[in-house]
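Q: Any chance you could fold what I've pasted below:
(3 chains)
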Amino acid sequence: MIKHHPSFELIQSFVNGDLPASLSAGIAIHADMCPKCQQIISQLTEQVAENSFEETFLDRFIVDDMSDFDDNNMSNNDLKFTDMIDNITSSEEIAVAKTKVEKTINFREKTYQLPSALHSMKLGKTAQIGKLSRARVQLDEGEIHTTLLHISPGGGVPEHTHKGFELTVLLDGSFHDEQGEYVKGDFIMLDSSHQHHPISIQGCLCYTVANDALHFTQGINKLLNPIGAFIY
Amino acid sequence: MTKAVVNLPIFPLPVYLLPEGITRLRIFEQRYLKMIKIATKGQGFVIFSAIDKNIDAANKSNLFWGSCVEIINFDQSKDGVLEVDVKCKSLVEILSTTVDDDNLMFGDVIQLPHWSQTKSPYPLGELSTSLESLFNNNPLLDALYPKKNIDNEVWVVARWLELLPVSSEIKNSFVTSQNYEAARGFVESIFLNSPSLAK
Amino acid sequence: MQTNLLSNVTSAKSTLMTDKIDHPQLCQWLDDVATTRDKKAFTQLFQFFAPKIQRIAYGKFQNETQACEVVQETMSNVWRKAHLFDASKGAATTWVYTVMRNVTFDMLRKIKGNREDNLSDDIWPLAEQSISNEECFDDHLENSQLLSVIDTLPEAQKQIVKGFYFMEMSQEQLATHLNLPLGTIKSRLRLALAKLKVQLGDNND
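A: Take a look at the predicted model:
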């Protein structure tokens, strides 16, 4: 059973469209597997939408610079809007509903279904070190790196902490660390106060988002710091 | 029309039939042949459409209803099966049921008034003409209805509800909600060609 | 700033729907756009949503041209995608909000990093072919146990029996009768159901 969920604040920013694509996709992937969060998201979306299109609510947004924008440009605006309506309705085009297609990705001869939130994202080539394989999700978000990380049975990630945050959404399989066992669908958000050493006995596939290279804390692994850059 | 409880045989069949609706049944099972015999002597029988999965829907609305029908015609089909034309007299609420030795179900039922029993002197434009042409193009359907009340909008809406390919769950809602406006709006919105109809 | 404002209001509210917005009317207009490409209905929708979208977008972009672009893009999606709106799945405001949020999200990505990848519809799907509704209108007679009896009949008879034995037309028969493509029949049935749900409220769910 899924035990780890995104915080309410995170869901709220997700609904508002304020999160980067990497984290938005992480929440969407989790919600696809988690009816509970799915429900929170749809209720919140309904509320936010209702509020957004309610006159009295919008009035609160009107601060001084906005009223200027309203008064002086109103007639101008009306004209622009009439043009826009004509322009839009002159198009005969109808958007066709996307039919659900399935996309898959292979790691070590195993085929996994790609979450639909990632369907339009570009994936880099798969690289491997030992029991770890990864494919970068090319989102171009500066410091934030997004990765599909595959751990073969018996593999693990050396003990590390994070300078920033590290999000792991478990797409398939399971792993455990000092805090416990994680299963498919779990949404695990860690920050710099967490130190962990995940091991996967059966193997797993994760969607990870981290905003800084990992910091390895365990003996000889300090020497292997490049592995941090490899994974995240 | 008294509001008395009567005991009638029950025929479970997923057919949606409102008052004045007519359908042809093929009867081949022994227990239902017996049901026909009883029905011809008494007050007809009840078609109960909320069988198997639909029973949940009926449960939700807390109303088990059926169509009380009278037999208006018999025949034997070419393959030797008894064919019976039945017409719905009224809807009934099924209060309790029993099963006899032949596995035939009986129920204590009471009349359930329904909007389709009201009369209206108005035709329904496109809906009426479209229904009329449907009858004309389908001899089997046409033959079932010796008299067609095309000029009665309530009758037209009721027939369309029976005929439209929508799930029994939705059709059921037009009995449990007793909302004629909603029923008419539903049928109209499938036919809407002119905006005036859509209102 | 905006986020805080929104969260304060949302947490203070106890009911999902206020009566300040005429939801059935909005649904009706969207239906009219979807089924008859009704320009009047679209103009009504535009007058309701566009000024609000413009203000919200201005809050995000702090730029009038970009705010207008969001209005143009959102409303043009409403025109092109109205048939994907499903009133049984949520309010018209929720649907338009999703369209607007997705347009804004993709535009922000474009402005920030010149990335034209349009990821939003994958993250927040507007409408997938809905399975639940489709089921309602599937030829549900197929599932009926009685069909096992019908299946033993000769082919020619089966045709008649399947059509009118249950006093019910198939979607194909309805399409032929109304001289319309099957797809149109299916979408009309879906729209009719959506309207019905609005009319009857939640009591009949």
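
Q: how about whatever helix or strand residue B:36 lives in, does it get close to chain C?
A: Here residue B:36, judged by DSSP states H and E, is contained in helix B:30-41. No. Judged by C-beta under 8 Å from any C-beta of the partner chain, helix B:30-41 stays clear of chain C, getting no closer than 12.1 Å. For the C-beta atoms, the positions are set from N, CA and C on the backbone; glycine is no exception.

Q: now what about the helix or strand following that helix, what contacts it?
A: As assigned by DSSP H and E, the chain's next helix or strand after helix B:30-41 is strand B:45-48. Residues from elsewhere that reach strand B:45-48 (C-beta atoms under 8 Å, 6 or more residues apart in numbering or on different chains): B:8-13, B:15, B:17, B:35-36, B:38-39, B:64, B:66-69, B:86, B:88, B:92, B:94, B:105, B:107, B:109.

Q: Among those, name the ones in strands.
A: B:8-12, B:66-69, B:86, B:88, B:92, B:94, B:105, B:107, B:109 (DSSP state E).

Q: Output the below-cut-off pLDDT ranges for the chain.
A: This is for chain A. A:55-76, A:96-100, A:162, A:212-232 (pLDDT under 70).

Q: not quite, I wanted chain C
A: C:1-19, C:127-167, C:195, C:197-205.

Q: Domains in it, by residue range?
A: Following the assignment in automatic domain parsing, chain C carries domains at C:20-123, C:131-204.

Q: Figure out which of these is closest to chain A.
A: Between chain A and the domains of chain C, the shortest separation by C-beta to the nearest C-beta is 3.3 Å, and it involves domain C:20-123.

Q: Span of that closest one from start to end?
A: Using C-alpha to C-alpha, to the nearest Å, the end-to-end distance of domain C:20-123 comes to 30 Å.

Q: could you pull out the helices for chain C?
A: For chain C, the helices defined by DSSP state H cover C:2-12, C:23-36, C:39-61, C:64-81, C:92-113, C:120-123, C:131-137, C:147-150, C:155-160, C:171-178, C:182-200.

Q: CSV for these, including distance to chain A?
A: Listed next are these as CSV, based on distance: least, C-beta to the nearest C-beta, whole Å:
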stretch, distance to chain A
helix C:2-12, 5
helix C:23-36, 9
helix C:39-61, 5
helix C:64-81, 4
helix C:92-113, 3
helix C:120-123, 5
helix C:131-137, 9
helix C:147-150, 28
helix C:155-160, 31
helix C:171-178, 18
helix C:182-200, 10
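
Q: Dump the ones you listed into JSON lines; add mean neighbour count and distance to residue A:12 as well.
A: Formatted as JSON lines, those follow (neighbours: other C-beta atoms under 10 Å in any protein chain shown; distance: least, C-beta to C-beta, whole Å):
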{"stretch": "helix C:2-12", "mean neighbour count": "13", "distance to residue A:12": "6"}
{"stretch": "helix C:23-36", "mean neighbour count": "21", "distance to residue A:12": "23"}
{"stretch": "helix C:39-61", "mean neighbour count": "20", "distance to residue A:12": "16"}
{"stretch": "helix C:64-81", "mean neighbour count": "20", "distance to residue A:12": "21"}
{"stretch": "helix C:92-113", "mean neighbour count": "22", "distance to residue A:12": "13"}
{"stretch": "helix C:120-123", "mean neighbour count": "22", "distance to residue A:12": "15"}
{"stretch": "helix C:131-137", "mean neighbour count": "13", "distance to residue A:12": "27"}
{"stretch": "helix C:147-150", "mean neighbour count": "13", "distance to residue A:12": "50"}
{"stretch": "helix C:155-160", "mean neighbour count": "11", "distance to residue A:12": "56"}
{"stretch": "helix C:171-178", "mean neighbour count": "17", "distance to residue A:12": "42"}
{"stretch": "helix C:182-200", "mean neighbour count": "19", "distance to residue A:12": "28"}
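
Q: Serialize those helices to JSON lines and add fields for distance to residue A:171.
A: Listed next are these as JSON lines, based on distance: least, C-beta to C-beta, whole Å:
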{"stretch": "helix C:2-12", "distance to residue A:171": "29"}
{"stretch": "helix C:23-36", "distance to residue A:171": "36"}
{"stretch": "helix C:39-61", "distance to residue A:171": "32"}
{"stretch": "helix C:64-81", "distance to residue A:171": "30"}
{"stretch": "helix C:92-113", "distance to residue A:171": "23"}
{"stretch": "helix C:120-123", "distance to residue A:171": "15"}
{"stretch": "helix C:131-137", "distance to residue A:171": "22"}
{"stretch": "helix C:147-150", "distance to residue A:171": "41"}
{"stretch": "helix C:155-160", "distance to residue A:171": "47"}
{"stretch": "helix C:171-178", "distance to residue A:171": "38"}
{"stretch": "helix C:182-200", "distance to residue A:171": "33"}
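
Q: contacting residues around the residue nearest the centre of chain B?
A: Nearest to the mean C-alpha position of chain B, by C-alpha atoms, centre = their mean, lies residue B:17 at 1.0 Å. Taking C-beta under 8 Å, 6+ apart, we find residue B:17 in contact with B:23, B:47, B:49, B:67, B:69, B:86, B:88, B:162, C:167.

Q: and if you look at residue A:119?
A: Contacts of residue A:119 (C-beta under 8 Å, 6+ apart): A:101, A:103, C:122.

Q: can you check residue B:24 too?
A: B:83, B:84, B:85, B:86, B:140, B:144, C:165.

Q: Closest residue of chain A to chain C?
A: Closest point on chain A to chain C, by C-beta to the nearest C-beta, is residue A:49, at 3.3 Å.

Q: who's in contact with that residue?
A: So residue A:49 contacts C:91, C:93, C:94, C:96, C:97, C:98 (C-beta under 8 Å, 6+ apart).

Q: now the helices for chain A?
A: Going by DSSP H, chain A shows helices at A:8-16, A:21-33, A:35-52, A:55-59, A:64-89, A:226-231.

Q: Buried residues of the third one, list them for me.
A: Yep, that's helix A:35-52 we're talking about. Residues of helix A:35-52 classed as buried by neighbour count (16 or more other C-beta atoms under 10 Å in any protein chain shown): A:37, A:40, A:41, A:44, A:45, A:46, A:47, A:48, A:49, A:50, A:51, A:52.
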